[in-house]
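[1] Following is a predicted model, sequence given first.
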Amino acid sequence: MKEFKINYPDYEKPDATCVYKITIGNMFYYGSAVNFIRRVNTHISTMNTNRCLNKKMKLAINKFGTAVFDMVFVSDIDDVVAMEHFFITENINNPNSLNIKKSAYQTYRASASDTEKM
């Protein structure tokens with residue numbers, strides 16, 4: 001059974017523009033969204049139905065069963081994308097990273113489902 005936990009500071013709105021981190025077991029993924037809670041719900045939906053396009057993330061959620069979503073950094077979209085890029089590139093060689101793109105800037109042109117990030 002899959003379990004999902006969502007964390008964000010009390011002083012932030014759940015629909016804030018932010019960088020978020022998903023932790024699954026000892027593995028992690030950084031992403032960004034214009035609306036945190038909507039993006040989290042999209043991830044949960046794809047994880048629950050095994051439609052997750054990120055094969056590493058799909059294997060991790062199926063193995064560990066629990067995903068924790070944390071709001072990491074809140075700002076305007078330009079700062080958020082830059083910060084997501086920083087987290088991805090800082091962890092590019094970390095074997096526990098679930099990010100498959102090597103740049104946050106690639107993500108924004110990846111698919112229709114990512115348009116809500118812009």
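    Arrived safely, thanks for sending. Numbers count the residues shown, from 1 in each chain.
[2] can you tell me the helix or strand for the most centrally placed residue in the chain?
    Central residue check for the chain by C-alpha atoms, centre = their mean: the C-alpha nearest the mean position is that of residue 31, 3.7 Å away. Applying DSSP states H and E as the criterion places residue 31 in strand 27-33.
[3] And the contacts of that strand?
    17-22, 39-40, 54, 56-57, 60, 64, 72, 77, 80-81, 83-84, 87-88, 91, 96-99, 104, 107, 116-117 (C-beta atoms under 8 Å, 6 or more residues apart in numbering). C-beta coordinates here come from the backbone N, C-alpha and C atoms, glycine included.
[4] so of the residues you listed, which ones are in helices?
    Of these, the ones assigned to helices by DSSP state H are 39-40, 56-57, 60, 64, 77, 80-81, 83-84, 87-88, 104, 107.
[5] Quick check: which ranges of the chain have low pLDDT?
    107-118 (pLDDT under 70).
[6] about what we covered before: beta partners of the residue nearest to the centre of the chain?
    For residue 31, the beta-bridge partners are residue 20 (DSSP bridges).
[7] Pull the contacting residues for residue 58.
    Residue 58 neighbours (C-beta under 8 Å, 6+ apart): 47, 50, 52.
[8] Distance check, it against residue 102.
    From residue 58 across to residue 102, the span is 19 Å (C-beta to C-beta, to the nearest Å).
[9] Only C-alpha atoms, please: export the strand ranked longest in the chain in CSV.
    In terms of residue count, the longest strand belonging to the chain (DSSP state E) is strand 66-74. Extracted as CSV, the C-alpha positions of strand 66-74 are listed here (Å, rounded to 0.1, in the frame of the first residue of the first chain):
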residue,chain,number,x,y,z
THR,A,66,5.8,5.9,1.2
ALA,A,67,6.5,9.3,-0.4
VAL,A,68,7.0,12.5,1.6
PHE,A,69,6.4,15.8,-0.2
ASP,A,70,8.2,18.8,1.4
MET,A,71,7.9,22.4,0.4
VAL,A,72,11.6,23.6,0.3
PHE,A,73,11.8,27.1,-1.1
VAL,A,74,9.0,29.6,-1.9
